[in-house]
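> What would the 3D arrangement of this be:
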Amino acid sequence: MGLDDDARDYHRRDPPGKLEVSTTKPTNTQRDLSLAYSPGVAAPCRDIDADAGRGYEYTAKGNIVGVVSDGSAVLGLGDIGPLASKPVMEGKGVLFKRFADIDVFDLELDTESLDSFVDRVAAMEPTFGGVNLEDIAAPACFEAEERLRERMNVPVFHDDQHGTAIITGAALLNAVDVVDKDLADLEIVFSGAGAAATATATFYTSLGVPTDQITMCDIDGVVTDERAAAGDPHEHVSQFAADADAVGGTDLADAMAGADVFVGLSAGGIVSREMVRSMADDPIVFAMANPDPEIAYDDAKAAREDTVIVATGRSDYPNQVNNVLCFLFVFRGALDARAREITEGMKVAAAEALADLTREDVPDSVRRAYGDQPLEFGPEYVIPKPLDERVLFGVAPAVAAAAVDDGVARRDLDPASYVEELEDRLGGSREAMRAVLTEAKRDPKRLVLAEGTDETVVRAAYQIADRGIADPVLVGARAEVEAALSTLGFDFAPEVVDPDEIDLEPYADLVYERRRRKGVTRREARDLVREHDALASALVAAGDADAMLTGRTHHYPSALRRPLQIIGTAEDATYAAGVYLLAFDDRVVFCADATVNQDPDADVLAEVTRHTAALARRFNVEPRAALLSYSDFGSVDTAGTAKPRTAARRLREDAAVGFPVDGEMQADTAVVDDFLGGDYEFAALDDPANVLVFPNLEAGNIAYKLLHCLGGADVVGPMLVGMDAPIHVLQRGDDVADIVNLAGVAVATADD
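Here you go, the predicted structure:
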């Protein structure tokens, strides 16, 4: 099947389309329904009648955007009408929900006139927190937006105009920096004079490009003063009309000669290599016609020997211009600030935030998605990638702050609290990690990273230091660490412990003292501390570092061996165990043991439960522990079910255990609401368990991976508990975010 057939099958698969309406409150009982509808609903209705602002408090208005189109200019399909445009508008809703957690009603309007269209949209103001106009032909789109902005008291945004303007504006801000030019000196030529081109040109003037240095061309050539005087084209383009003699001619090739920037929002294949060669030194070429750009990326790059910065609308080349980087997060910030409109200042703030984000280290999830494309700031990376979730945290707060500054916000957001609110929208693991990371930042510790020459570990060390989580210490050859830093372009000078540079004898003595009755000779101890894991462990054991991470580049058991041998378990612990935090939309659970103890007995299970409960409290989660089995409270009596039953009984009998614990019990009994009532009213747990202790490593490892892959849980870990110091073993291939999270856990627990 081809792409078209796959798309047809995708859209008609039951249920047809891409959107649905779901409830956000319980509707399981008669009381729930009486609160949701009659008679309870009358109370919020009366409150809103008395104070319209409470509509944001009691209803979903503040998180609903209307995506509205008349189908007159759909993608590359043209005027196909409102019904045929519906798949596109539903798709827009998917993007809003997926990337910015904004709900959408798509509205495809069949209207007889622009007046009728404007009247119908304006009448729906009570429903929406904002309106996204989409795929409306020029020049009607300009007038529709202007009139709706005048009539409505919520943000109205025509993405085809302003989304492109903001994205290319961000790229322009960075591109001029790369080629060392000034906005005020740029000569810019546009190919295309539709909604996107006109809005982009206007936006560039807001960034600081003089209007008289922008030349616009359409299908008939340069938009000249003579054409503008004759009313061709429409008034929104005529502000950029140029003198033909000053341009040097009336066609696109004439206009491009000597230009610093070319912006294409027109048709594919209309720009030649010769036209790019005629431009000024180090030209900037934004060829954004889709699917075929005005000039192919490779042709534009090959046309010159100097620096050519090229952007297209395509994902298979660097510098993809994609509106998904913009409109979602502009609306997120505008909705959260309860803005009355989207101002020019808010758009500029969005562009500047995108430009700033491009200069930061790119997450591994984005690097994986784009393979071998260069993702370091420079000619081939002047705007973020569309899949970069950090855009939410950069753009939305900037837009919200600009709304306040411009006096259009109904709500003043605290910047730090707002970022936390946004993080919560992306998954429960971020909320769970916040308390730990905040605690770590209060008192950063020395964190030794055993695999200090690994590029991913170096990138993580940079973030750990930059965010104030810890003072990273990298173990490894100094030359290799410095080479990695140079490749990454980081202005960062971490502490490096190079085995070839330091006196290893004190650490060899420590290892010998701890391992001499385990078969290690003094000579073997000297050899051992040249190994990175052993040296890192010795640094912690000697008090020269407070915590340690290892394991990204080798198997878990081998990475754990040296810390266990040299540091060992805590005074109150006989066993270490591996714990995963799994965050769902409505709860957080801790799963143990999934990495260390293969076939634990009752003593091990009891100890693992205590340590996991203590870890849960570090995440501000009050533990409720369940020891799991395939049996419920003795329903099956075997040696296997007796272990968790015995462990649970011992814990309940221990007065020092300050949390509810029970078992053995089946997994659904432990985690499903109401399962512990009824037949099991005797159970020690009144609410579902959040600490799940598995009967063996095999069950724990299988369960957490199923919950992650099929249940959609965010995962943090594995976190080691029971060690004499905060030591955590990464999983092979963990990315920067995983390393940073475990660094936060290590530092936050360093004083335990």
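
> Please make it C-alpha for all contacts and neighbour counts, starting now.
Fine.

> Do you have the strands of the stretch 551-700 of the chain handy? List them.
577-583, 588-592, 625-628, 661-665, 691-693 (DSSP state E, counting those that start in this stretch).

> Val366 and Pro384 touch, don't they?
No. Contact criterion CA atoms under 8 Å: Val366 and Pro384 do not qualify, at 9.6 Å.

> what's the closest of the strands of the stretch 551-700 of the chain to Met548?
Of all the strands of the stretch 551-700 of the chain, it is strand 577-583 that lies closest to Met548, at 15.2 Å by CA to CA.

> Same list (the strands of the stretch 551-700 of the chain) but as JSON lines, adding distance to Ile219.
Compiled in JSON lines, these are given as follows (distance: least, CA to CA, whole Å):
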{"stretch": "strand 577-583", "distance to Ile219": "54"}
{"stretch": "strand 588-592", "distance to Ile219": "58"}
{"stretch": "strand 625-628", "distance to Ile219": "71"}
{"stretch": "strand 661-665", "distance to Ile219": "73"}
{"stretch": "strand 691-693", "distance to Ile219": "67"}
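
> of all these, which lies closest to Ile80?
Per CA to CA, nearest to Ile80 of those: strand 577-583, 44.1 Å.

> now the closest one: how far from the chain's centre is it?
22 Å (CA atoms, centre = their mean, to the nearest Å).

> for stretch 361-375, same thing?
13 Å.

> now do the same end-to-end measure for it.
Length of stretch 361-375, first residue to last, CA to CA, to the nearest Å: 8 Å.

> can you count the residues close to Ala648?
24 (other CA atoms under 10 Å).

> wait, what's in contact with it?
When contacts are counted by CA atoms under 8 Å, 6 or more residues apart in numbering, Ala648 touches 606, 627, 661-664.

> Run a quick neighbour tally on Thr24.
7.

> I'd assumed it was in a strand, is it?
No. Under the criterion used here (DSSP: H, G, I helix; E, B strand; the rest coil), Thr24 is coil, not part of a strand.

> quick revisit: so Val366 and Pro384 - more neighbours on which side?
Taking other CA under 10 Å, Val366 and Pro384 do not tie; Pro384 has more neighbours (30 against 16).

> Which residue is the nearest non-sequential neighbour of that one?
Thr358 (5.3 Å; CA to CA, 6 or more residues apart in numbering).

> Helix or strand with the lowest mean pLDDT in this protein?
When the helices and strands of the chain are scored by mean pLDDT, DSSP states H and E, helix 235-238 comes last with a mean of 68.

> following that helix, which helix or strand shows up next?
helix 244-247 (DSSP states H and E).

> okay, now the domains of the chain?
Domain assignment of the chain by automatic domain parsing yields the ranges 3-154, 158-422, 435-566, 577-722.

> one step back: got CSV for the strands of the stretch 551-700 of the chain, with mean pLDDT too?
Shown next, in CSV, are the strands of the stretch 551-700 of the chain (pLDDT from 0 to 100):
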stretch, mean pLDDT
strand 577-583, 88
strand 588-592, 90
strand 625-628, 94
strand 661-665, 90
strand 691-693, 94
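
> mind putting those strands in JSON lines, distance to Tyr58 and mean neighbour count included?
Output for the strands of the stretch 551-700 of the chain, formatted as JSON lines (distance: least, CA to CA, whole Å; neighbours: other CA atoms under 10 Å):
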{"stretch": "strand 577-583", "distance to Tyr58": "27", "mean neighbour count": "25"}
{"stretch": "strand 588-592", "distance to Tyr58": "27", "mean neighbour count": "26"}
{"stretch": "strand 625-628", "distance to Tyr58": "36", "mean neighbour count": "28"}
{"stretch": "strand 661-665", "distance to Tyr58": "38", "mean neighbour count": "26"}
{"stretch": "strand 691-693", "distance to Tyr58": "34", "mean neighbour count": "28"}
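
> out of those, which comes closest to Val457?
Closest among these, using CA to CA: strand 577-583, at 20.8 Å.

> Just the CA atoms of the closest one, as CSV, please.
C-alpha atoms of strand 577-583 as CSV (Å, rounded to 0.1, in the frame of the first residue of the first chain):
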residue,chain,number,x,y,z
ALA,A,577,17.7,-3.7,45.5
GLY,A,578,16.7,-1.9,42.4
VAL,A,579,13.5,0.2,42.3
TYR,A,580,11.7,1.8,39.4
LEU,A,581,9.3,4.8,39.8
LEU,A,582,6.4,4.5,37.3
ALA,A,583,4.3,7.6,36.8
